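Peer 1: turn this into a model:
(one chain, ligands or ions: 1)
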Amino acid sequence: THFGYQTIDKQDKEKMVAGVFHSVAAKYDIMNDLMSFGVHRLWKRYTIDASAVRPGNKVLDLAGGTGDLTRKFSEIVGEQGQVVLADINDSMIKVGREKLHNQGYVGNIEYVQANAEALPFADNTFDLVTIAFGLRNVTNKDKALASIFRVLKPGGRLLVLEFSKPQQDWLNKAYDFYSFNILPTMGQVIANDKDSYQYLSESIRMHPDQDTLKGMMEEVGFEQVQYTNLTGGIVALHKGFKF
Ligand code: SAM
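Peer 2: Prediction:
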């Protein structure tokens, strides 16, 4: 592959992912809208609705990036609640923090630079953890899932929103064409950054499918794990509980 993605070691993958997100941070929001035809907004809306988040809850928006989910959670949890946006990449956090500040979202949001594999929070801290389009970028996903499990309160839940495997053959083929041809070209023309968008396509194809991810969540202790396919399985929302 372009980045030698399958063969690179852990440190190299971390460096490469860091490079990609430093590079795309400034244009991340507009590219998201263009590349998904705005549909990422619906996927995120679905996630918020499925989260059953309540006023007063403590929420971790992991790999929170430019803060789309954080903003919604901040509205719902209110003054008594708290939202922590954690991300490994300071460029993404900076774009997210500035955007939310400018929109008047202050008071119940905290920004933390952290690696999902080693979360700097006490055990049993959060009612809800979300990771949207983040898990596929994490080098050691089992370690990240175990770390999330640790920081959830008993009774808390994890929602993973991530690209997955389209369920129909024709959709799979169309999607392959889109992600390997059209997407990197859009990245080149609009963001002048073909490599980063090529990496994104490749990382999507390498990510575990619906049932594999479900098994990985169960392996670290999550219970009642279920998933919902969105847009024919292009994206899936996994939910699991810590009891
Ligand atoms: N959640 C946001 C959204 O849905 O728009 C941002 C998603 S963006 C595609 C992926 C994010 O994952 C980036 O901001 C990146 O810095 C972050 N990330 C990658 N590896 C990470 C890790 N090991 N720990 C925490 N965040 C990570």
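Peer 1: quick one: average pLDDT of the biggest helix by length in the chain?
Peer 2: Counting residues, the longest helix in the chain under DSSP state H turns out to be helix 10-24. For helix 10-24, mean pLDDT is 85.
Peer 1: and the contacts of it?
Peer 2: Residues outside helix 10-24 that contact it (Cβ atoms under 8 Å, 6 or more residues apart in numbering): 3, 5, 8, 28, 31, 65, 88-89, 91-92, 137, 139-140, 191, 193, 195-197, 199-200. The way it works is simple: take the backbone N, C-alpha and C, and place the C-beta from them, glycine included.
Peer 1: and it, which residues are buried?
Peer 2: Residues of helix 10-24 classed as buried: 13-14, 16-18, 20-21, 23-24 (neighbour count, 16 or more other Cβ atoms under 10 Å).
Peer 1: and stretch 218-227, by the same measure?
Peer 2: Across stretch 218-227, burial judged by 16+ other Cβ under 10 Å covers 220, 222, 225, 227.
Peer 1: what comes into contact with it?
Peer 2: 142, 145-146, 149, 158, 164, 210, 213-214, 217, 236-243.
Peer 1: one more time with 7 Å
Peer 2: When contacts are defined by Cβ atoms under 7 Å, 6 or more residues apart in numbering, stretch 218-227 is touched by residues 142, 145-146, 149, 158, 210, 214, 217, 236-243.
Peer 1: okay, and which of those map to strands?
Peer 2: Counting by DSSP state E, the contacts of stretch 218-227 place 158, 236-241 in strands.
Peer 1: what is the nearest of these to L183?
Peer 2: A236 (19.2 Å; Cβ to Cβ).
Peer 1: find the nearest non-adjacent residue to the closest one, please.
Peer 2: Leaving aside its chain neighbours, A236 sits nearest to S164 (3.8 Å; criterion: Cβ to Cβ, 6 or more residues apart in numbering).
Peer 1: which residues of this protein fall in helices?
Peer 2: Secondary structure of the chain by DSSP H: the helices cover 10-24, 28-35, 39-51, 68-77, 90-102, 141-151, 169-177, 183-191, 194-206, 210-219.
Peer 1: how far off centre is the first one?
Peer 2: What it means is helix 10-24. 15 Å (Cα atoms, centre = their mean, to the nearest Å).
Peer 1: ok, V112 - contacts?
Peer 2: V112 sits next to 84, 86, 120 when contact means Cβ under 7 Å, 6+ apart.
Peer 1: could you rerun that using 10 Å?
Peer 2: By Cβ atoms under 10 Å, 6 or more residues apart in numbering, V112 lies in contact with 60, 62, 64, 84-87, 93, 119-121.
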